[in-house]
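Visitor: sequence plus the predicted model coming up.
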Amino acid sequence: MQKGRLSRNSRDFIAEARIPDLLAEQGAVEDARLEEILQQSLARTPLDLEQTACLLRASEPRQIDRILATARQLKRDVYGNRIVLFAPLYVGNECVNDCSYCGFRRSNREAQRQSLEPEELEAQVRALQRQGHKRLILVFGEHPDYDARYIAETVESVYRIREGRGEIRRVNINAAPMDHDGFREVVQAGIGTWQIFQETYDPQSYARVHPAQTRKGDYQYRLDSLSRAFEAGCEDVGIGVLFGLSDWRGEVLGLVAHSRYLLERYGVGAHTISVPRLQPASGLKEAFPWRVGDEDFLRLTAILRCAVPYTGLIVTARESARVRREALELGVSQIDAGSCIELGGYTRERAVQHLDREQFELGDMRSLDEVIHDLLAHDHIPSFCTACYRVGRTGEEFMEYAIPGFIEQYCTPNGLLTLCEYLQDYAGPQTRKAGESCIARSLKEMKEGPLKRKLVLRLEELRETEVRDLYF
Ligand code: SAM
Ligand code: SF4
């Protein structure tokens, strides 16, 4: 179906991974074996497929508890208590594909189509900046109108828009796969992560939900897409699965296989893994027999945390506040907040969803301020930090930095600086109070020295002057 060139020596790493064989293995996992694998996770060495399959097979309640406890510990050890916040911005929902699970699919006559005009885009970005957002992910359907030039120009416009003290400092992308030239053009506009979800790594399930005659119907072209992105100069890629299209255990193995393949070929694994779960959507009729329940969803989040200790995990507002709270403890490091996925929705009253203008139903409709308040109440540090990507600590370099001491040196101070900015410029009174005590507590826990002294000075500067965007 696709005419585009694949990446250099492209391989079907999913077929090579023999996922059905790994899933077919029977028999209980011995506690000693499980413990050995979990110790490897705690030593922060990524797991191979066979080890991940063991975690998936370990089903005694005490074994599941051990996996959950390990994930909790790893989360705190590797990521500290920061949670990075972002918001999605849907730029256009025209789509030539017909993915059976999606409200934007071309056969959905109920969908109201829109592509944001430049002034509409500006109004959305200003509204997001007024909430306090600094990191956006731009989302597009797949359509000839949304070519590389259009996406690159959209990214450039977003960076130029300024509302008061607001600005967008990192723009990520979730859009259809490109060829090498297309990726190159968008990457040069200064994007952060390019996310492309395989949706399902099982070729048969993939064929069932993506009609063959559509662009997205080409499984191999999509599987190869982030390899092309790397070859085109993108240093940060995000992978994901739409949980609910096939057996979740196989999908977890697919994600691990994909990340390992990228690491082996390009020296950098996936920067993030997203775990969207299938939600009701406009005109959705098909029955999806593989839907994943909450318990399994949290279990798979924990298994991923153990399998890829250094890869960021994203759980979006598709999930309820309750599920997100639990997922955060088990390894999730990034969430969206105050999200509105209706085209042009950030400038409207968003108490209810209008599914004909949206891709799916949301589970968490709280405002950014409510989410931040809740994070603070649960001992997290909400962070809008974008420092690594802006000073070049990305890709391979980021992996090297992901060593003990990195969080103390960069992430926590930068998280606190961006929280302080938010508290000064956007927070409600209760959030400000909770945020200030979080900053005070965190400072108390920091060891004395030049870094702490510098941080205290910078926090003061944010509170007392108009200066913004301070980071280490
Ligand atoms: N159109 C581009 C593509 O397909 O790659 C951009 C992605 S789409 C706008 C964002 C993601 O939303 C999809 O990759 C899919 O995983 C997810 N999605 C689609 N329908 C969904 C549904 N009903 N429930 C939850 N997530 C859904
Ligand atoms: Fe189009 Fe993406 Fe929705 Fe598929 S998932 S119908 S490609 S917007």
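Guide: Now that the structure is in, tell me what you want to look at. Ligands and ions are numbered 1, 2, ... in the order given.

Visitor: measure V268 to ligand 2 for me?
Guide: Separation of V268 from ligand 2 (Cβ to the nearest ligand atom, to the nearest Å) stands at 25 Å. All C-beta atoms are positioned from the backbone trio N, CA, C, and that covers glycine.

Visitor: S100 now?
Guide: With Cβ to the nearest ligand atom as the criterion, S100 and ligand 2 are 9 Å apart.

Visitor: for that residue, give its distance to Y410.
Guide: Per Cβ to Cβ, to the nearest Å, S100 is found 43 Å from Y410.

Visitor: ok, S246 next?
Guide: Applying Cβ to Cβ, the value for S246 to Y410 is 38 Å.

Visitor: again with R324
Guide: In terms of Cβ to Cβ, R324 sits 25 Å off from Y410.

Visitor: in this protein, where's the longest strand?
Guide: For the chain, the strand with the greatest residue count under DSSP state E is strand 82-92.

Visitor: which elements pack onto that strand?
Guide: Helices and strands touching strand 82-92, by 3 or more Cβ pairs under 8 Å, 6 or more residues apart in numbering; DSSP states H and E, are helix 118-131, strand 135-140, strand 170-174, strand 334-336, helix 368-377, strand 381-383.

Visitor: let's see it at 7 Å
Guide: Judged by 3 or more Cβ pairs under 7 Å, 6 or more residues apart in numbering; DSSP states H and E, strand 82-92 is in contact with helix 118-131, strand 135-140, strand 334-336, strand 381-383.

Visitor: so the second one, near ligand 1 or not?
Guide: In other words, strand 135-140. Yes. Using Cβ under 6 Å from any ligand atom, strand 135-140 reaches ligand 1 at 139-140.

Visitor: that strand: partners in the sheet, and parallel or antiparallel?
Guide: strand 82-92 (parallel), strand 170-174 (parallel) (DSSP bridges).

Visitor: now the angle between helix 118-131 and the longest one, please.
Guide: Yep, that's strand 82-92 we're talking about. Using axes from the mean of the first three to the mean of the last three Cα atoms, to 10 degrees, the direction of strand 82-92 lies 160 degrees away from that of helix 118-131.

Visitor: and strand 82-92 with ligand 1, contact?
Guide: No. Counting by Cβ under 6 Å from any ligand atom, ligand 1 is not contacted by strand 82-92; separation bottoms out at 7.3 Å.

Visitor: show me what that strand is in contact with.
Guide: 114-116, 121, 124, 128, 133, 135-141, 143, 145-146, 154, 328, 333-339, 341, 343, 375, 380-385, 411-412, 415 (Cβ atoms under 7 Å, 6 or more residues apart in numbering).

Visitor: what mean pLDDT would you report for it?
Guide: The average pLDDT within strand 82-92 is 97.

Visitor: just how off-centre is it within its chain?
Guide: Put simply, strand 82-92 sits 9 Å off its chain's centre (Cα atoms, centre = their mean, to the nearest Å).

Visitor: next one: stretch 465-472
Guide: 26 Å.

Visitor: so, low pLDDT: which residues of the stretch 301-450 of the chain?
Guide: 395-404 (pLDDT under 70).

Visitor: quick one: contacts for the closest residue to ligand 1 within it?
Guide: For the stretch 301-450 of the chain, the residue closest to ligand 1 is F360, as judged by Cβ to the nearest ligand atom, at 3.5 Å. By Cβ under 7 Å, 6+ apart, the contact set of F360 is 103, 279-281, 318.

Visitor: residues contacting the spatially most central residue of the chain?
Guide: Closest residue to the average C-alpha location of the chain: I314 at 3.7 Å, with Cα atoms, centre = their mean. Shown in contact with I314 (Cβ under 7 Å, 6+ apart): 272, 274, 332, 334.

Visitor: cool, E35 as well?
Guide: So E35 contacts nothing (Cβ under 7 Å, 6+ apart).
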